[in-house]
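[1] got a sequence here, can you model it:
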Amino acid sequence: MWPKCVALRQQLVRSVLVLLVLTLCTPLFAQGQGTTGLSPDQLLTAAYTAYNNRDWLQAALRFSAYMDRNPARLQSDPNRKKNVDTCLGYAIERLQDGLDSVERLRDCNQAFMSCQSHLNECLRCGEECMTRGEFSEPRTPLAPTPMPVPASGAGMPPPCFLIAYEDATWDAAKRAAERLGGHLATIASQSENSQAYQLVAADDSLWYIDPYNNGIGPWIGGYQPAGSPEPGGGWRWVTGEAFNYTNWAPGEPNNSGDAGESRLCFFGSGTLKSPKWNDMPQQASTRGYIVEFDDFSKCAASRNACDGSEGVYLYEDINYEGRCVRLTADNPNPRRAFIGNDSASSIRFVGSWSATVCEHDDYLGACATFQRGDPWLGDDPIGNDSASSVRVRRRP
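    Below is the predicted model:
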């Protein structure tokens, strides 16, 4: 709280105490408004009537006046004295509650006025800085992933690749990449292949060993339409660009298995990782995929939107649908920052992140930790529509 607000609170508390003393400790108790000319029994009846009507000020005045005028009677009747003391005490407590509410209301109002004053000062400063030309050059947003590899074509920028950490089929990965405003990565040259591979080779969690001791890596955007000549005919990229450059592993593509293989991923032949490619069944899942953005305005890191920038994404509906929020810092209470309390149904990651999702505010209750996407939280300890706080961490 700002110092001005603290000073106001202290001043207001002193005023309240003075008012309370003046109200409860002056002759008003003995000769207060509405108490003169009443017999003791009438005064006590009026006090109880005010008490039952929740008129705490009149009840306190009349009970106090009754006690001041009839000490001997109260001394001789302990039960009556106890009853009057109890009612008077309760009325005074309710008066204090009301005064506290007024104090809080005034304090909040003062805080708001102080905030508005600070905002006006900032706006005035901004106008002065603009006038002096200090903000004349806009800041250029940074791409969310490094792009160290030179462009594949003269005068062309290198592609913007992002990694999505989630178990997904190729078709599901394709849809997810398009929802982010990009597409599964297309590889047009050795340099682009090296760039994409360098991103995914740095994290073993994106790879797994299959039953034949081969490494299965993330999806990229190559596919073979149904009816194409097997094993190597008809391959194309999701963007429709020419499928000229290839980097197949030895013996690939081979269309192995009864289901056939018509989707493209990175592949380690006899090892966990390599920059080579393999054809995989359409229904198979990998542990991630690479998203490419052609529009650098979408590629650039946003601070507030679910636009494909690195971070942890929580979705209102299953399968990464509905409203979304991107988190890059802990949030102890989603009501203040995203889709709402008890609303998350799926989670996904762009970049190397992990998230611990808890069912209560401030990271309490049942929690579940994720390092890759989950299209439905209902089968996890946290449950569906139960998230109330989230811790996020960037993984090394």
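[2] bridging residues for the residue lying closest to residue 253 once chain neighbours are set aside?
    Leaving aside its sequence neighbours, residue 253 sits nearest to residue 279 (C-beta to C-beta, 6 or more residues apart in numbering; 3.7 Å). Every C-beta, even on glycine, is put in place using the N, C-alpha and C of the backbone. Note on residue 279: beta-bridge partners residue 264, judged by DSSP bridges.
[3] which residue ranges of this protein form helices?
    3-24, 28-31, 40-52, 56-69, 71-76, 78-132, 170-179, 190-201, 296-299 (DSSP state H).
[4] dump stretch 317-325 to CSV, restricted to CA.
    Only the C-alpha atoms of stretch 317-325 are listed here, as CSV (Å, rounded to 0.1, in the frame of the first residue of the first chain):
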residue,chain,number,x,y,z
ASP,A,317,-11.7,-27.3,-24.0
ILE,A,318,-10.2,-30.7,-24.7
ASN,A,319,-7.9,-31.3,-27.7
TYR,A,320,-6.5,-27.8,-27.4
GLU,A,321,-9.7,-26.0,-28.4
GLY,A,322,-11.6,-23.0,-27.0
ARG,A,323,-10.1,-20.0,-25.2
CYS,A,324,-6.5,-20.2,-24.3
VAL,A,325,-3.8,-18.6,-22.2
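[5] run a quick neighbour tally on residue 91.
    When neighbours are counted by other C-beta atoms under 10 Å, residue 91 registers 24.
[6] so it touches residue 51, yeah?
    Yes: using C-beta atoms under 8 Å, residue 91 is in contact with residue 51, at 6.4 Å.
[7] for residue 345, see how far away residue 322 is.
    8 Å (C-beta to C-beta, to the nearest Å).
[8] and these two? which has more neighbours close in?
    Higher neighbour count among residue 322 and residue 345: residue 345, with 24 against 14, using other C-beta under 10 Å.
[9] ok, that one - contacts?
    By C-beta atoms under 8 Å, 6 or more residues apart in numbering, the contact set of residue 345 is 315-318, 322, 376-378, 384-385.
[10] where does pLDDT dip in the stretch 251-396 of the chain?
    Applying pLDDT under 70 to the stretch 251-396 of the chain picks out residues 295-308, 323, 333-341.
[11] can you pull out the strands in it?
    Secondary structure of the stretch 251-396 of the chain by DSSP state E, counting those that start in this stretch: the strands cover 263-268, 276-280, 285-286, 289-293, 311-317, 321-327, 346-350, 353-360, 364-370, 389-394.
[12] residue 46: which of these is closest?
    strand 353-360 (50.0 Å; C-beta to C-beta).
[13] what bridges to residue 292?
    residue 161, residue 183.
[14] would you quantify the distance from it to residue 212?
    29 Å.
[15] so for those two, which sits in the more crowded spot?
    residue 292 (23 against 8).
[16] which residues does the more buried one contact?
    159-162, 177, 182-186, 221.
[17] fine by me, we can end here.
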